[in-house]
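Asks: sequence first, predicted coordinates after that:
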Amino acid sequence: MLNFSHFWNHSSNKIFNSRTASQIEPVAYQLEIGSISDKGLSRSSNQDYIGLFPSPDNDDFLAVVADVMGGHQAGDIASRMAVEEIQNNYFAQLKKHSPEQALRQVFEVANVEIFSRAQQSPEYQGMGTTLVALFLHQSAAYFAYTGDSRLYLMRERAIQQLSTDHTLVAEMLRKKLIDAEQAKNHPDKNIITHAIGTRENVFLETSDCPLSLQIGDCFLLCSDGLYDLVDDNEMLSHSTMHTAQQACQELVQLANDRGGYDNISVILIKILQESAISQNTATPITRA
């Protein structure tokens, strides 16, 4: 199990313009970050992979969750490769591209590398991983995702899923072929329609424009091992009642109490009012 928590101070005195030319108000804030990646109770190993990466100048922050596709070979290799590609190249891409374009670039490169590796050996064929990434830059948030790992925003006592599940059942739900109750226990609920590494070209989605940060915001990234067993209101309640790390521990424990049928990964990032709490030294962390 990976456990990680720290405080991260950030003060922005710039106004960042979105693609629509709307201005984002500068916010001085502190990040409180918690994370856990747990193998659960039914799996023999943890094939999820997570990453927490400050920028080289310590002004920005990137969080990533990758979850292997069930039933596919060498999934742990795919999830690790995807996160390491982002770790090694995202900030370099950011020097040449906008935050959204840089996310798209590293997702696409990760896809090419994993797909190519899968063609080299029968043991790697079919391997793939979901991938969701959140980037905090100045006073704004940007994100990208493919697959069914999720990103949530909790703001003003409400929770909103920012990502869209790339699954067969989610597509049926969007087309109103089934209702929400049928979707919960549908036999095809785990069929993923898009992922990193399974095809030559990857379908991914990014934030349409920068999301302005507010004091009190809370971002949660997680694999399906969490949200399959813990509902949105429970995520909201635990995240607002506890510190970031305590909330991660409570949520993972709740999923395990209900069976822990899959690996469980969660990253929680709180946007707090800047305070006198000293900044810890931040080190890039992934699950080994």
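Replies: Perfect, thanks for sending it. Values in this document were obtained by computation on a predicted structure and should not be read as measured data. Numbering: from 1, shown residues only.

Asks: C-terminal to the worst-scoring helix or strand of the chain on mean pLDDT, what's the next element?
Replies: Every helix and strand of the chain was ranked by mean pLDDT, DSSP states H and E. The lowest is strand 16-17, at a mean of 34. Beyond strand 16-17 in the direction of the C-terminus, DSSP states H and E gives the next helix or strand as strand 23-24.

Asks: how about low-confidence regions in the stretch 101-250 of the chain?
Replies: For the stretch 101-250 of the chain, no stretch is flagged by pLDDT under 70.

Asks: can you pull out the strands in it?
Replies: With strands called from DSSP state E, counting those that start in this stretch, the stretch 101-250 of the chain shows them at 129-137, 140-146, 150-155, 158-161, 205-206, 211-212, 218-222.

Asks: number of nearby residues for the closest residue to residue 150 other than its chain neighbours?
Replies: Setting aside the residues directly before and after it, residue 150 is nearest to residue 163 in space (C-beta to C-beta, 6 or more residues apart in numbering), at 5.0 Å. In short, each C-beta sits where N, CA and C put it, glycine included. Number of residues near residue 163 (other C-beta atoms under 10 Å) recorded here: 21.

Asks: cool, residue 154 as well?
Replies: Using other C-beta under 10 Å, residue 154 is surrounded by 21 other residues.

Asks: use 2 as the first number from now on
Replies: Happy to do that; since the first residue is 2 now, the last one works out to residue 155.

Asks: need the contact list for the residue nearest to it when sequence neighbours are not counted.
Replies: If the residues on either side of it in the chain are set aside, residue 155 comes closest to residue 219, at 4.1 Å by C-beta to C-beta, 6+ apart. Residue 219 makes contact with 154, 155, 156, 240, 241, 269, 270, 271, 272, according to C-beta atoms under 8 Å, 6 or more residues apart in numbering.

Asks: and the contacts of stretch 198-210?
Replies: Contacts of stretch 198-210 with the rest of the structure, by C-beta under 8 Å, 6+ apart, involve 19-21, 23, 70, 73, 79, 82-83, 101, 104-105, 108-109, 111-113, 115-116, 118-119, 127-130, 132, 142-147, 163-165, 167, 195-197.

Asks: one more pass at 6 Å, please.
Replies: With contact meaning C-beta atoms under 6 Å, 6 or more residues apart in numbering, stretch 198-210 is reached by 19-21, 79, 101, 104-105, 108, 112, 115-116, 128-129, 143-145, 147, 195, 197.

Asks: flag every buried residue along that stretch.
Replies: For stretch 198-210, a neighbour-count test (16 or more other C-beta atoms under 10 Å) marks 198, 199, 203, 205, 206, 207, 208, 210 as buried.
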